[in-house]
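[1] This is a predicted model, with the sequence first.
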Amino acid sequence: MSSNTQQTIGKRGEDYVCQQLTLQGWKVLQRNYRSPFAELDIVAKDPHGNLAIVEVKTRASFSWLGGYDCIGRKQLRRLAQACLFLGERNFCSHPARLDLALVKSSCDQIDSMELLQDLELSY
């Protein structure tokens, strides 16, 4: 699969996640935010006002691990650092939360989305 095709599929997944989060009462603050540690797909506040980084993974299918295998150890460490950074920048007493949106896509359409909230991070 070409890099261009992967970017198109990824953008479609991010667009879908933003739409669904908004429908669920979330406020999307920024997309593709570049922190000093990682590019963040979505920075948003959930309906309770909690700051969250939403990492979006769009695939044709996911393994039995439920998508956790989509994020490598190195990327997870960078995302954890970005959570701390965003929490401090927004004057929160705690880091931003990390959520993972798993988007299943086939034949140019979105089939489903699962949002895994508050992934366990080791700082």
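    That came through, no problem.
[2] how about the helices in this protein?
    Remark: helices assigned in the chain by DSSP state H are 3-23, 73-89.
[3] any chance of those in a markdown table, with mean neighbour count and mean pLDDT too?
    The way it works is simple: take the backbone N, C-alpha and C, and place the C-beta from them, glycine included. Converted to a markdown table, those look like this (neighbours: other CB atoms under 10 Å; pLDDT from 0 to 100):
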| stretch | mean neighbour count | mean pLDDT |
| --- | --- | --- |
| helix 3-23 | 15 | 87 |
| helix 73-89 | 17 | 87 |
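[4] Is it possible to get a markdown table of these that adds distance to residue 112?
    Listed next are these as a markdown table, based on distance: least, CB to CB, whole Å:
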| stretch | distance to residue 112 |
| --- | --- |
| helix 3-23 | 10 |
| helix 73-89 | 23 |
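[5] Of all those, which one comes closest to residue 43?
    Residue 43 sits nearest to helix 73-89 of all those, at 6.7 Å, using CB to CB.
[6] what helices or strands is the closest one leaning on?
    Packing contacts for helix 73-89, counted by 3 or more CB pairs under 8 Å, 6 or more residues apart in numbering; DSSP states H and E, involve strand 39-45, strand 51-59, strand 97-106.
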